[in-house]
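> Sequence and computational prediction follow.
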Amino acid sequence: GHSCFLVETSSHRLIIDPFLTGNPLATAKAEDIKCDYVLLTHGHEDHFGDAVEIAKANDATVIANFETAMVANKRGAKAHPMQPGGAWQFPFGRVKFTIAHHSSSLDHGDGFSYMGNPAGILITADGKTLFHAGDTALFLDMKLIGELDRIDLALLPIGDNFTMGPEDAARAVEFLNAKAAIPMHYGTFPLIDVDPQRFVDADKTGAARILERGASYQP
């Protein structure tokens, strides 16, 4: 639910933005997650979520922007820092961070701390490329992302207010030239309570797919 996805490659399991505890629509508990890597798009609590707890329980590595990775590391998790524009070859495949237009901070209870630049994440494994856009507005450079990588599946926020709305996300599908696109970051809270059918209706490419929480999809 929200922006959290469990990605299964032929050799490893990755979880992205594991906001489970405190997520009213989550279909899994943090203690039940089994994975090798935890990937984070940015530091907001509804994305950072249970990252450290899951990473420590699984001896998994957190992959995130430098500041977010260092916070996870200081809290006891293994971490691999990255930044937008950079790529790295991991045992499961290639990860590249892209830009995202948003913000990134973490609430420590007595104020917010800076958590580096927000990002999107390209994951290429087993001959397929997944793009998790993170929290972002629509931006024209999505065309460049789609030109540099053939995207088999894009995960795009549609909740509006804090990110793209359904119509902008549908335009993002065109920019990215994605073969398939799944909406995320909607319905969890009143401010992002958006009907995902609007995304499907606005998509002119036929790529839009609504994935129910707890369900799976194979590109």
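Cool, got the structure.
> just the CA coordinates of stretch 109-127, formatted as CSV?
C-alpha atoms of stretch 109-127 as CSV (Å, rounded to 0.1, in the frame of the first residue of the first chain):
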residue,chain,number,x,y,z
GLY,A,109,9.3,14.6,17.2
ASP,A,110,10.9,17.9,18.1
GLY,A,111,11.3,19.2,14.6
PHE,A,112,12.3,18.2,11.1
SER,A,113,15.8,17.3,9.8
TYR,A,114,17.1,17.5,6.3
MET,A,115,17.2,14.2,4.5
GLY,A,116,18.8,15.0,1.2
ASN,A,117,17.3,15.2,-2.3
PRO,A,118,14.3,13.2,-3.2
ALA,A,119,14.7,10.7,-6.0
GLY,A,120,13.1,8.3,-8.3
ILE,A,121,14.7,4.8,-8.7
LEU,A,122,15.4,2.8,-11.8
ILE,A,123,15.9,-0.9,-11.1
THR,A,124,17.1,-3.2,-13.9
ALA,A,125,17.2,-6.9,-13.2
ASP,A,126,16.5,-10.1,-15.2
GLY,A,127,16.2,-8.1,-18.4
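> tell me the mean pLDDT for that stretch?
Taken as a whole, stretch 109-127 carries a mean pLDDT of 93.
> swap in stretch 138-158?
For stretch 138-158, the per-residue pLDDT averages 98.
> So residue 13 is in contact with residue 34, correct?
Yes: with the criterion set as C-beta atoms under 8 Å, residue 13 and residue 34 qualify as a contacting pair; they are 6.3 Å apart. (Each C-beta comes from the backbone N, C-alpha and C, glycine too.)
> Look at the two and report which has more neighbours.
Neighbours per residue, other C-beta atoms under 10 Å: of residue 13 and residue 34, the larger number sits with residue 13, 16 against 11.
> Quick check: the residue nearest to that one when sequence neighbours are not counted vs residue 108, distance?
In space, not counting the residues next to it along the chain, residue 13 is nearest to residue 35; the distance is 4.4 Å by C-beta to C-beta, 6 or more residues apart in numbering. Plainly put, residue 35 is 25 Å away from residue 108 if you go by C-beta to C-beta, to the nearest Å.
> Next: residue 4.
According to C-beta to C-beta, residue 4 and residue 108 sit 22 Å apart.
> how about the helices in this structure?
45-48, 51-58, 66-74, 142-148, 166-176, 197-202 (DSSP state H).
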